[in-house]
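1. Generate a structure from the sequence data that follows.
(2 chains)
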Amino acid sequence: MSERPLPTFGPGFDPGPSFAELLRRTAPPDAPGALGGGGHTPVEVTHGTTVVAIRYADGVVLAGDRRATAGFAIASRRIEKVFPADDLSGIAIAGAAGPGTDMVRLFQTQLEHYEKIEGEPLSLEGKANQLAQMVRTNLPAAMQGLVVVPLFAGYDERRGRGRVFSFDVTGGKYEETDFQVNGSGGVHAKNWIKAQWREGLAADEAIDLAVRALFAAADEDTATGGPDLVRRIFPTVAVIEADGFRALPDDEIAQRAETLLGGREEGAGQ
Amino acid sequence: MTMPFYVSPEQVMKDRADYARKGIARGRSLIALEAGDGIVIVAENPSRTLFKISEIYDHIAFAGVGKYNEFEMLKIAGVRHADLKGYAYSREDVTARSLANAYAQTLGQVFTHEMKPYEVEILVAQVGDTRSGYQLIHILYYSTLMD
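-> I've put the predicted structure just below:
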């Protein structure tokens, strides 16, 4: 087997610490690029639905339901929409699942690549800007219906607090003060969070609030998956604090979800 | 009549090797050894900002001695090689063996084709990969691999 040669570049062609640029420089000239043109995709593609990000006293919580849809069909009951981006930040995706998970992989590689080449990690703001560029690169595909709009959240070491960023399809980056949601059930989740959020929430409270908001969204939106007690499927939740990104284990979420069941967000009383 | 200028290939190689060895000899040494569940790499380094030991990938480390800008360039190329491979295939498919071969190719190419050879010796270390296990690969300026 012949090995890949070491990627080296002459002066003026060096891609610097950008992994996306490195990919472009090393891609064969006939590699398929982004989709061009207008109109909508003729096929139903898998879509991820509702994700939430909530800032609390010591950090941020990122959570997502587990359903993916393709048109009116359920494409997956166990999809994951919350991923670590690096040690101190995470990303949650809503929209076309294929390009979304690919964007996550590219973003994770980019952050790691930058840190190894430069010797220090990007600032949280820098990471958010990087992600904005990737969302913008996806614009031609978004025009064809393959929209990917991530939520980005992390712990800002320099400022000593959690921060939440949202994006639009054109690559616009917007910092949210306290929380943000995305996806088809987002509006229901957001109302629930808006009614309950306050400054200085504890981690436990923020996690419960995120889970409740997702249940509330599932109660109103068909594309958002609710708690599935038969198959034991519950939302994915991760918290990011000064000591890093931590995905909550399944049993912990199951336990929390079960104690929350029967609340108003599940439609109790009507 | 002018005589054609002739230098035997042996002499060219010897001169280049001497040149590279001299450059490397000026540097300070480093040690790598397997210890317990890992590999310890120790380098004598008077600088606080220039590093001789770096992370390449999950289980792979890089260490270099000799001319700083040359082994730093090789380190960056190694990070690029590993990240491209991990992105194209999977994180498990990035191995020290493949990286060392790529290094050897580049160093061999530079040694025979460029104006001057690299004045470096580098080390690629890997831990815990279930297929190939612990590896310490020492790569010399003229591309020879030593396991």
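
2. Pull up the residues of chain B that are close to chain A.
-> For chain B, the contact set with chain A under C-beta under 8 Å from any C-beta of the partner chain comprises B:51, B:54-56, B:73-74, B:76-81, B:83-87, B:98, B:101-103, B:105-106. Just so you know, the C-beta spots here come from the backbone N, C-alpha and C atoms, and that holds for glycine as well.

3. Next up, phi/psi of residue A:85, please.
-> Per-residue torsions, residue A:85: phi -100, psi -50 (degrees, to the nearest 10).

4. burial measure for it, as a count.
-> Other residues within reach of residue A:85 by the criterion other C-beta atoms under 10 Å in any protein chain shown amount to 26.

5. ok, it touching residue A:110?
-> No: taking contacts as C-beta atoms under 8 Å, residue A:85 lies outside contact range of residue A:110: 9.2 Å.

6. circling back: tell me the buried residues within the residues of chain B next to chain A.
-> Neighbour counting with 16 or more other C-beta atoms under 10 Å in any protein chain shown marks B:51, B:54-56, B:73-74, B:76-81, B:83-87, B:98, B:101-103, B:105-106 as buried within those.

7. Helices of chain B, residue ranges please.
-> Secondary structure of chain B by DSSP state H: the helices cover B:9-26, B:68-88, B:96-113.

8. Show me what the first one is packed against.
-> Packed against helix B:9-26, as judged by 3 or more C-beta pairs under 8 Å, 6 or more residues apart in numbering or on different chains; DSSP states H and E, are the following elements: strand B:60-66.

9. cool, the longest one as well?
-> Packed against helix B:68-88 by the contact rule (3+ C-beta pairs under 8 Å, 6+ apart) you find helix A:19-26, helix A:97-118, strand B:53-57, strand B:60-66, helix B:96-113, strand B:120-126.

10. who are the neighbours in contact with the residue nearest the centre of chain B?
-> Closest to where the C-alpha atoms of chain B average out (C-alpha atoms, centre = their mean) is residue B:122, at 3.1 Å. Going by C-beta atoms under 8 Å, 6 or more residues apart in numbering or on different chains, residue B:122 touches B:62, B:63, B:64, B:65, B:71, B:74, B:103, B:138, B:139.

11. Output the residues you listed as JSON lines; include the columns distance to residue A:156 and pLDDT.
-> Below are those laid out as JSON lines (distance: C-beta to C-beta, whole Å; pLDDT from 0 to 100):
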{"residue": "B:62", "distance to residue A:156": "30", "pLDDT": "96"}
{"residue": "B:63", "distance to residue A:156": "33", "pLDDT": "94"}
{"residue": "B:64", "distance to residue A:156": "34", "pLDDT": "93"}
{"residue": "B:65", "distance to residue A:156": "38", "pLDDT": "91"}
{"residue": "B:71", "distance to residue A:156": "34", "pLDDT": "92"}
{"residue": "B:74", "distance to residue A:156": "34", "pLDDT": "95"}
{"residue": "B:103", "distance to residue A:156": "38", "pLDDT": "94"}
{"residue": "B:138", "distance to residue A:156": "42", "pLDDT": "90"}
{"residue": "B:139", "distance to residue A:156": "40", "pLDDT": "89"}
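
12. between the residues you listed, which is nearest chain A?
-> Distance to chain A across the contacts of residue B:122 (C-beta to the nearest C-beta) is lowest for residue B:103, with 6.6 Å.

13. Please name the nearest non-neighbouring residue to that closest one.
-> residue B:139 (5.1 Å; C-beta to C-beta, 6 or more residues apart in numbering or on different chains).

14. Hmm, residue B:104 and that neighbour touching each other?
-> Yes: with contact defined as C-beta under 8 Å, residue B:139 reaches residue B:104; the gap is 5.8 Å.

15. Which one's more surrounded, these two?
-> More neighbours surround residue B:139 than the other of residue B:139 and residue B:104, with 24 against 19 (other C-beta under 10 Å).

16. Tell me what that one is bridged to.
-> Per DSSP bridges, residues listed as beta-bridge partners of residue B:139: residue B:122, residue B:145.

17. Next: residue A:83.
-> Going by DSSP bridges, residue A:83 forms beta bridges with residue A:91.
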